[in-house]
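Asker: Fold the following.
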Amino acid sequence: MGFVFTVGIFGILILFHAAYSTIQYRGLLKITEEEFSGPPFDVLIELFLGLVICIWAALTLPAKFLSIHPHSEDNRVVSLSANVDFMIFNHRGKVFPVATDLKLRQ
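Answerer: Below is the predicted model:
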């Protein structure tokens, strides 16, 4: 996890540097009274490189996969059904009338 995590942090730092470079470039254009039409090409390359590095790090960073089988002992969904403390039956929906015979207006 150490190497991939470090590469991911490096990708995030590249993205922050590209944002900082764009802010500096816009400040320079305000001083020279020119119109901002987009960031320079080197900043676009830096953005693309940072994006690729961050995506690669996010996809290769290993994580613990949880079980999705319903009969698994590690599955929280099975154990939450017995907990009725969080079930709420008294809510704002009771204010609205229950009319099942309504027809659409044409």
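Asker: the longest helix in the protein is where?
Answerer: helix 2-31 (DSSP state H).
Asker: Where does Asn90 sit: helix, strand or coil?
Answerer: coil (DSSP: H, G, I helix; E, B strand; the rest coil).
Asker: and the longest helix of the chain, what's its mean pLDDT?
Answerer: In this model, helix 2-31 carries a mean pLDDT of 93.
Asker: who does it touch, helix- and strand-wise?
Answerer: helix 41-60 (3 or more CB pairs under 8 Å, 6 or more residues apart in numbering; DSSP states H and E). Heads up, the C-betas are built off the backbone N, CA and C, glycines and all.
Asker: Show me which positions of the helix it packs on end up buried.
Answerer: For helix 41-60, burial by neighbour count (16 or more other CB atoms under 10 Å) applies to 43, 46-47, 50, 53-54, 57.
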